[in-house]
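> Model the structure of this input:
(2 chains)
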Amino acid sequence: MKRILFSLSALLVSLSTLSGCSFLEVEELGKSDTDTFFTELSGLRTARIGLYSVTYDFYDQYLCKYAEVAGDNLQSVVVGSGSEMYDVYNFTSTPDLETTSVGYIWKRGYTIITNANTILYYTDDLKTAYPNDVDEIRHIEAEAYFLRALAHFDLVRCYAQPYGYTEDASHLGIPIADHLLGTDELIARSSVKKVYEQIVKDLNTAHDILGDAAPSDAHYVSGMACNALLARVYLYMGNYILAEEYADKVIPQLTLTPNGSYAAMFTGEKTGEEAIFRLTGYYAGHSLKTFYNYESAAYVPTSDFESLFESSDVRLQLIQAPDQSRACMKYYDLSSSVPDEQFYNITVLRGSEMYLIRAEARCNKATPDLDGAADDLRKIRARARNVPESSIVILNANADELMKEIKLERRKELFAEGHRFFDLARWGDDIVRPDDTNSAMKHLKYPDYRYALPISRVEMDANSAMVQNEGY
Amino acid sequence: MKRFLHICLVLLCVWAAPSVQAQNDRLLKGRVVDEQGVPLIGVSVFVKGTSLGTTTDTEGYYTLSLGDRTHVVVTFSYVGMKTRNMTVADSMEMLNVRMQSDTDIDAVIVQGYGRVQKREDLVGSAFQVNAKDLEFKPVTRLDNILDGMVPGMAIQPNSDGPTSVRSRYDIRIRGEASLSASNEPLWIVDGVPIYTGTGTNTIPGFDSTVSPLSFISPEDVESITVLKDASEVSIYGADGANGVILVTTKSGKLNSGPTTVKATLRYGVSAIDQSTRFKTLNAAQYMAYAREAWTNGGNDPELFPYQDNEMNSYSTTDTDWTDLYFGLGQNFLASVSLSGGNEYSANYLSASYYREQSTVKGNTQQRVTARLNNVYKLGRRFTVRPQLSASYNINDIFSPSHEYYEILPIFSLYDNDGYTYRLYNRYVSGRNQQTGELIWDESKFWDNSIAERELNDHTQKTFSTDGNISLQYEILEGLTATAQFGVSYQHGYETEYESRQTLGGMVDGVPKGYSKRNSANFLSWSNIERLNFNRTFGKHAVSALVGIELSSKGYNTLSAYASGFVNDHIQEIGYAEEATRKGYSSTKTTRKLSFLGQAGYTYDSRYSVQFSMRREGNSSFGKYARWENYFSIGGAWNIHHEEFFRSQIINLLKLKASFGTSGNSRVDSAQMRGLGIFSYGDSYSYNGEIGGVVSTPANPGISWETTYMTNVGLDIRLWDRLSIAAEFYYNYTTNLLSKIYTSRVIGDERIYANIGEVSNRGYEFTINSTNIAHRNFRWTTDLNLSHNRNRVEKLANGTSISYGTTITAEGHDINSFNLVRWAGVDPSTGAPMWYDKNGNLTYTYSSNDRVIDKTSSPTVFGGMTNTFRLYNFSLSFLINYSIGGYALCTLGTNGVTDGYDIIDQNVSINSLDHWKQPGDVSANPRISTVSSKSGMSSTRFLYNKTNIRLQNLSLTYELPKRISRKMSMSSMRVSFIADNLYLWTPDQKRNQNSYKTMMYGYPLQRTFSLSLDMTF
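Residues are numbered from 1 along each chain as shown, chains lettered A, B, ... in the order given. Below is the predicted model of the structure:
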């Protein structure tokens, strides 16, 4: 009897140890749950491609359009509440506009960050599992840090007032997602200063891995891209010393795309000599192409903008359609008749911008270097007009005058590449549109609450820690 | 002739008699009375295992000759009474017997894990349906057989539209408490959970769901117990929140005597109940209606599409399509079972064949089953119970959709040759502007699915087997250790073929043929080790249970399809055009590991307390919520056993209460388990490479729905003939799972989260009454009535979840309607009118004007069974009723379109009452091929669900024992059975459509059967 009881209890005890064993660990096949996906290196590789893909989508569908439509270079072709970016154009964005820029820049921007964070969450385990592939994994980590920084940078440009809005940049920025966030975490907005610190930190981390190397294929993140983006970020922060320093690192590594192949660097497969980081829409969506397609464009450059160019300026080709009408041609590729195989490229960073950043930094730093700034500007102008640099005369009697020239050149050079509105904002410039504009907003005086987008109602409702931008 | 028979009979008797009388004769005498002491006439009294027997006389007396037998067991049986087996001591000469009616308060309730309890001692809420109650009910499947029999349990088809002849039935025990997880109860057959499909009872891997509950022969069922409150379901842990249904199959019983053979033969015919048929326009009515709508729509009357031509003679065609889809059905059941047992072993062996041809043509169900449930006693302490069953099911499937009433009556089934199924119709599509001639076009006649029914194949063959072995060891008196291992396995193979002669089998008009093969297998197993203790020490009765359960359930599916066959006889995928051959597979496994325990104590049959708990680990759970504890506590007080309680009227008075928790782990998607989902594919490619992105972020902290259940009950029995059981419950479910928006910083899609709380409160009454208990006439009534009130108590941020026409909103029923209110027809213009959000009349339909009002949950529902017994006849009928609640009928919204798609589909006959000229007061607006949005979802299509159904009726004649015994049977019964005899709804009108004709997607099937039951 005792023996039986003993053996029964022994059985019970031994069975209860089962609770700790693997009986409940069921491997689910055919389910692409994230944990399973990242158990293999191939999953990480796929996720890397996916990360580039969502970044491309973000730029293609929202960022480039927003920066331009909110600026002063475009005019709407179709006027009506249904037309794309209508509320951006008229500065009538409200928190309820979930499915337009208000909700979607936010949503898609954080999609990039979530995907980057997911990659970073799993790389440590993968390094252990694949010790021979640590270099590759580290490289992917660097790309994730870079793209996470880029997305934070773009979001803070859209949803917060510019860095210089308050003395110490203590005004509201965006939530920082520096790790894979859980659903129970409180997600509040950090100050703009904190956001920029995070961006710089991520870029430095990426740079530590990638070094200063120039890209072997500019469609992917490189060490050079880290330096280039740091140059831009410091410029936005008004840290001209570092902006110049980082531009200095990049410029010797590249040559400007010559006049002859200038137009071709935007479309087609080749990235062009000065390319630093370009997103490609090969076999992807092509929202920008449709947006600017001269046959049915939603927005075209204003005649005022067109009149800024001299007739010899190579860049004029990119704002004039084959039928001579005004249209942005930077996203119009005819290299293949198969739509999927056309290259809808979005330039994120290129050499010309580096010259313009250095010019602006040299012009604005505590002890301005106006000659150096003029030299940089001259390079861009001479290339555009296909004339020797020596023939370009730049008025650099004082910093203000030179700055005007730099602003003008930047406007012309970087048109439709996702800069204009953000540049105006950080310069603290008003948005002034021609009198005959069909926008309800002819003159937006800086500062104004509308220099930042509202946070969407969906986000406000779902997130108790969220604070709305003033004015909305 | 008569005389000859008489002589034969006498001869027979003479031949039989001496064999008895020649022995050393021992006589047993006595009297048989019922509970009230009323003598019972015609009680069959016989020596078990022999043909020796007699019946009681008019005063209830009997005299039985036992011959020279010793150690005899005498069986007393009587319709409506519990059969009694009495052991007769060798010296005994006198044996008086008091028989008890079947609805005995002492009936035991099966609770699972080896626990059975007398109803009197029951602390929790459990309702048991016994084999006797299932007799003469339809044997098609096990779930809807229970309709109306169990208080608090609502059974209805998953859809009220014509979707499948084999409806998926929604079973809701005490209301609905989940938005995303399953609301279905857990089915356990002989201790092994069986797979009944996903949360909506869909069976993965197949294109048509055939419920696994149709694989079990109801003839094999000994009892079905529905467990409802915490003290019953907590021990089932994370599967218990929706209630548990325990099916116990018949098994051999030790000491039950020599083998008894039971055989049943049943044959029935069925036809649709024409009064429940959805009525549409005939050809003449259609033509007039369509032309009116056509002209009103501003179209040129000369361009009316349906004008006679060489292909279609519209003016002379009047097809009753419903008639072509429905026909006479048949069913046939043959079953035989053997049971018996001695001291050391007992057997139950059964076999059955069932075939049902539905009234919806093209549907046949066939089931062949065999079962072996044995018991062996090894020595004094060991008991082994092997159980094995196999079931082979062949289902020929054809499920017509709306076409059976939607196809225009002016179309004909065949081409003009009279035998080729019509695939095209010719119609006028316009006029040539230059020549003025009419332009003709041909349209594909997709709706003509009769061609598909006749030419295509769709069959599902499923082999299902349940195996179960338990080994029980009696350690001490009352203490047993049991190890049980059970397996439930189903393998199904579905073949589908679309003929080259049907539109579905053609590609761009070229005959191809399309073939699909689905295969799936489902395996569940469970292993339970438990210790049960049950003992009475004087006034103290103690029971206890501890156990461990390991279980696993899972499935694998495989599917292949292809098109491009040389002819219709090939069909196998390997012979199709290679490029078209495709396939896919899926697999899923869930495992559980649980520790369970229960302890009960009863003092002096007066006070009972019971405590139970379960700790469950479930592989479905997220990382941080894998283990969960459930518990319950309950008590009962048998007041009638108290000394102070003396009543001649009240024989039983009991109060009981319980409280506890249970869970719901049955979620279908990985997202609901908190896992992140990663999507991979072309859409995320970059620079020509395929990429993957996070589609749903992980939420590992997601926790499981927990239901807190409170139950209070009162049992009372008056004059020993009227029992009333009343129960009140309040179930509160927390951590309701649903998709919500999270901060976009986390992810860009809605994710599953614990978003709210919902309550179900209600009451259930069960009344069993013996209205008349005369010795030759007996009338009993069993009535149950249930009410459930559902309320969404809390939602994240108070945000409602809208599903179009219904909404889940705080403070409302979980299934509340959210509809624009219909305001009728403007008599001056015939325009439809609605109320806007503020209650003002409006002529424009806007979904912004939706208002939350009314729910689909009925106010009260239940069933009533009346049984009459007059001499050897007994009549029993079951009436189901449902009062209150509303339905947005699918047939209502589809069939009333006010002309806008009259060119494509027929309309409800009620549409004839529409506005024609100013001043007309009509139910339906002006008809036109231009939509006035009158057909948009609104309260116009909301119907009161109140209905009463005469669900089942059986009339049985039991042959007098002396005659059946002459045919060497111990009993023989002939029964007439009718199913779905009548349906009543308050709004029914002759030749009009009402809720009655729209309640289900198809007309009701009324069946009349004859059954012959024999026991040897």
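
> for chain A, what are the nearby residues on the stretch 551-700 of chain B?
Residues of the stretch 551-700 of chain B lying close to chain A by C-beta under 8 Å from any C-beta of the partner chain are B:585-593, B:595, B:617-619, B:626-627, B:670, B:675-680, B:682, B:684-694, B:697-700. Placement of C-beta: from N, CA and C, glycine included.

> Give the ChimeraX command for selecting the buried subset of those residues.
The buried residues among these can be selected in ChimeraX (16 or more other C-beta atoms under 10 Å in any protein chain shown) with this line:
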select /B:587,588,590,591,592,593,595,617,618,619,626,670,675,676,677,678,680,684,685,686,687,689,690,691,692,693,694,697,698,699,700
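
> next structured bit after the helix or strand of chain A with the lowest mean pLDDT?
Among the helices and strands of chain A, helix A:2-16 carries the lowest confidence by mean pLDDT, DSSP states H and E, at a mean of 54. Per DSSP states H and E, the first helix or strand lying C-terminal to helix A:2-16 is helix A:34-37.

> Restrict that following helix to CA atoms and write it as CSV.
Below are the C-alpha coordinates for helix A:34-37, written out as CSV (Å, rounded to 0.1, in the frame of the first residue of the first chain):
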residue,chain,number,x,y,z
THR,A,34,8.4,37.7,-35.9
ASP,A,35,10.3,35.6,-33.4
THR,A,36,10.4,32.7,-35.8
PHE,A,37,11.3,34.9,-38.7
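
> Enumerate the positions of that helix that are buried.
In helix A:34-37, counting by 16+ other C-beta under 10 Å, buried: A:T34, A:D35, A:T36, A:F37.

> Which strands or helices does the one helix or strand A:I105 maps to pack on?
According to DSSP H and E, A:I105 maps onto helix A:101-129. Secondary-structure packing of helix A:101-129 (3 or more C-beta pairs under 8 Å, 6 or more residues apart in numbering or on different chains; DSSP states H and E): helix A:41-58, helix A:64-69, helix A:86-90, helix A:134-159, helix A:457-462, strand B:689-696.

> Return the most buried member of those.
Mean neighbour count (mean count of other C-beta atoms under 10 Å in any protein chain shown) peaks for helix A:64-69 among the helices and strands packed on helix A:101-129, with a mean of 25.

> contact partners of that helix?
A:74, A:84-85, A:88-89, A:101, A:105, A:158, A:287-288, A:291, A:299, A:346, A:415-422 (C-beta atoms under 8 Å, 6 or more residues apart in numbering or on different chains).

> Report the next helix or strand after that helix in sequence order.
Past helix A:64-69, further along toward the C-terminus, the next helix or strand under DSSP H and E is strand A:74-76.

> List the strands paired with that following strand, with their directions.
In the sheet, strand A:74-76 lines up against strand A:299-301 (antiparallel) (DSSP bridges).

> For the strand it pairs with, the averaged confidence score.
On average, the pLDDT along strand A:299-301 is 93.

> and it, how far from the chain's centre?
Relative to its chain's centre, strand A:299-301 lies at 21 Å (C-alpha atoms, centre = their mean, to the nearest Å).

> which of the residues in the helix or strand that that strand is followed by are buried?
Counting by DSSP H and E, the next helix or strand C-terminal to strand A:299-301 is helix A:303-306. Buried residues in helix A:303-306, defined by neighbour count with 16+ other C-beta under 10 Å: A:D304, A:F305.

> Just the CA atoms of helix A:303-306, as PDB, please.
Taking C-alpha atoms only, helix A:303-306 is exported to PDB below (Å, rounded to 0.1, in the frame of the first residue of the first chain):
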ATOM      1  CA  SER A 303       6.100  80.500 -63.000                       C
ATOM      2  CA  ASP A 304       7.800  82.600 -60.400                       C
ATOM      3  CA  PHE A 305      10.000  79.600 -59.500                       C
ATOM      4  CA  GLU A 306      10.700  78.900 -63.200                       C
END
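
> For chain B, which segments are assigned as helices?
B:2-21, B:131-134, B:230-233, B:283-296, B:321-325, B:403-406, B:450-455, B:890-895, B:961-966, B:995-998 (DSSP state H).

> Select, out of these, the one closest to chain A.
helix B:230-233 (21.9 Å; C-beta to the nearest C-beta).

> Check which helices and strands that closest one is in contact with.
In terms of contacts (3+ C-beta pairs under 8 Å, 6+ apart), helix B:230-233 is packed against strand B:627-638, strand B:650-664, strand B:705-718.

> Need the contact partners of that helix.
B:111, B:123-126, B:227, B:240-241, B:243-244, B:610, B:612, B:632-634, B:658-662, B:708-711.

> swap in stretch A:240-256?
Against stretch A:240-256 from outside (C-beta under 8 Å, 6+ apart): A:212, A:214, A:224, A:227-228, A:230-232, A:234-235, A:273-274, A:276, A:351-352, A:354-355, A:357-358, A:360-362, A:364-366, A:379-380, A:383.

> go on, stretch B:599-606?
Contacts of stretch B:599-606 (C-beta under 8 Å, 6+ apart): B:120-121, B:123, B:539-545, B:608-612, B:637-638, B:641-642.

> one more time with 6 Å, if that's ok
Contacting residues not belonging to stretch B:599-606 are listed as B:D121, B:K539, B:A541, B:V542, B:S543, B:A544, B:S608, B:V609, B:Q610, B:F611, B:N638, B:H641 [C-beta atoms under 6 Å, 6 or more residues apart in numbering or on different chains].

> Out of these, which comes closest to chain A?
Nearest to chain A among the contacts of stretch B:599-606, with distances taken as C-beta to the nearest C-beta, is B:A544, at 13.9 Å.

> what residues are up against the closest one?
By C-beta under 6 Å, 6+ apart, the contact set of B:A544 is B:F533, B:A599.

> and if you look at A:D202?
Here A:D202 is in contact with A:Y145, A:R148, A:A149 (C-beta under 6 Å, 6+ apart).

> Reduced to three states, what does it come out as?
Secondary structure assignment for A:D202 (DSSP: H, G, I helix; E, B strand; the rest coil): helix.

> Return the per-residue confidence for it.
For A:D202, the predicted pLDDT is 97.

> Skip the chain neighbours and tell me the closest residue to it.
Nearest residue to A:D202 in three dimensions, chain neighbours excluded: A:A149, at 3.8 Å (C-beta to C-beta, 6 or more residues apart in numbering or on different chains).

> Model confidence for the one you found, exactly?
Note for A:A149: predicted pLDDT of 97.

> Cross-check the contact I'm expecting between it and A:K201.
No - using C-beta atoms under 6 Å, A:A149 is not in contact with A:K201, being 8.1 Å away.

> For chain B, give me the ranges with low pLDDT.
B:1-24, B:36, B:79-80, B:101-106, B:621-624, B:668-674, B:700, B:748-749 (pLDDT under 70).

> quick one, phi/psi of A:R450?
A:R450 adopts backbone torsions of phi -80, psi 0, taken as degrees, to the nearest 10.
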